[in-house]
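S.K.: Need a 3D model of the following:
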Amino acid sequence: MDNHYELESTVLNPNEKINILHISDLQFGDMGYSKEFVFLEKLIPKYLNQISIKINLIVVSGDIVYSGIPSEYELAEKWFNTFCTEILGVNFKSRLLLIPGNHDVNLRLNAADKYNYDFKSKKLVELENSVSKEHHFYGLTPFREFAFKMTDNPMWMTNQNNLCFVNDRFHNWGLRFYHFNSVIEQCYDEPDKAGIPEQNLNQMMNAPKIEDNIFQIIISHHGPENFGYKTSETSDKRWLNIRNFIACVGPQLFLHGHTHGFETYHTREKGQETKTINYHMTSTLSLEKQLRMKDALRGFSVIELERENGFIKKDSYKIRNFEIEEE
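M.R.: So this is what the prediction gives:
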């Protein structure tokens, strides 16, 4: 299956702006919920309506659940059905965009490569120096099934793209999205590993050409620092590959989560190609203070994209952070 996904989307007025609601790190099943998380699936839509912000798209940058097990995704599904319906209406599935985070990987499933079942003793036998990866991708099976159910996007049902793909569903809005699965290589013996294999970056880079004035957004759970980026020179191949991808593709925004706080920033890179991209991290909606960045409140972000004649004005978008005051 090709990694290029396109579907006719809702028609907008050529000069109508687009608002993207960016949320992250809900971690359903985590015991570290803040007590103020209750009823946010109703309160946030009500607040956005009161301040006259019409949301067109919802982006979720990973860590939907805590440990990647099906019962946690059942909790998430119930919450998202209410939340997305209140904001986008009953036909929200085509306008919900997801990527997995490190907590969305079920490490017990991809740990199957470490064991064999001995039929004689009817026990699991640990393998010494196992390098098998046959069961590795099963760790993302619960997430993949959840993502397909919530979005109706067939790209979630193939292993060939490692859940990295180009989403042109909103081409007629002047938008292209790159879904970065930054936890492809995370497994039982490397539970914190982040990165995008070079082959998947190449697949996305070779997607059908688009007009120069299409606004491009990368969605990832991890940000540059988690890929090995440092403010000084770095030799980490993970970041070098992503940096070169950005230089070739020329996206305007890189949305991510993972660190549970708000930040909009640039990287200190040589060359003009990567200076035009803004990185934006949004905070968690759900987790207690000790699980967030220092002094960071819980909240969400809204990215406002101005349009003219059907295309987004690349230098006039706004990012607004909304913090949920506690107590």
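
S.K.: The residue nearest the centre of the chain pairs with what?
M.R.: Central residue of the chain (C-alpha atoms, centre = their mean): S61, 2.8 Å from the mean position. In this entry, S61 is beta-bridged to I99, by DSSP bridges.

S.K.: which residues touch it?
M.R.: Residues in contact with S61 (C-beta atoms under 8 Å, 6 or more residues apart in numbering) are 22-25, 99, 101, 219-221, 255-258, 282. C-betas here are computed from N, CA, C, even on glycine.

S.K.: Which ones among those residues map onto strands?
M.R.: 22-23, 99, 219, 255-256 (DSSP state E).

S.K.: Buried ones among the residues you listed?
M.R.: Burial by neighbour count, judged by 16 or more other C-beta atoms under 10 Å, picks out 22-23, 99, 219, 255-256 from the ones in strands among the contacts of S61.

S.K.: what residues does stretch 112-125 touch?
M.R.: For stretch 112-125, the external contacting residues (C-beta under 8 Å, 6+ apart) are 126-127, 130, 132-136, 138, 187-189.

S.K.: State the mean pLDDT of the longest helix seen in the chain.
M.R.: As assigned by DSSP state H, the longest helix anywhere in the chain is helix 70-88. Average pLDDT, helix 70-88: 97.

S.K.: what's that helix packed up against?
M.R.: Counting contacts by 3 or more C-beta pairs under 8 Å, 6 or more residues apart in numbering; DSSP states H and E, helix 70-88 packs against helix 40-50, strand 57-61, strand 96-99, helix 141-151.

S.K.: With respect to E77, which of the ones you listed lies nearest?
M.R.: helix 141-151 (6.6 Å; C-beta to C-beta).

S.K.: so after the closest one, what's the next helix or strand?
M.R.: strand 165-167 (DSSP states H and E).

S.K.: so D168 touches R176, yeah?
M.R.: Yes. Between D168 and R176 there is a contact at 5.6 Å, judged by C-beta atoms under 8 Å.

S.K.: Give the residues shared as contacts by those two.
M.R.: With C-beta under 8 Å, 6+ apart as the test, D168 and R176 both reach I210.

S.K.: my guess is L12 contacts K54, does it?
M.R.: No. Using C-beta under 8 Å, L12 makes no contact with K54, being 10.8 Å away.

S.K.: okay, these two: which has more neighbours?
M.R.: The neighbour comparison of L12 against K54 (other C-beta atoms under 10 Å) goes to L12, with 16 against 12.

S.K.: pretty sure that one is in a strand, no?
M.R.: No. With DSSP: H, G, I helix; E, B strand; the rest coil as the criterion, L12 is assigned coil and is not in a strand.

S.K.: Now it: closest residue in space, sequence neighbours ignored.
M.R.: Nearest in space to L12, with sequence neighbours left out and distances taken as C-beta to C-beta, 6 or more residues apart in numbering, is W173 at 5.9 Å.

S.K.: The residue nearest to Y138 when sequence neighbours are not counted: neighbour count?
M.R.: Leaving out its chain neighbours, the residue that sits closest to Y138 by C-beta to C-beta, 6+ apart is L109, at 4.2 Å. Counted with other C-beta under 10 Å, the neighbours of L109 add up to 19.

S.K.: Thanks a lot, catch you later.
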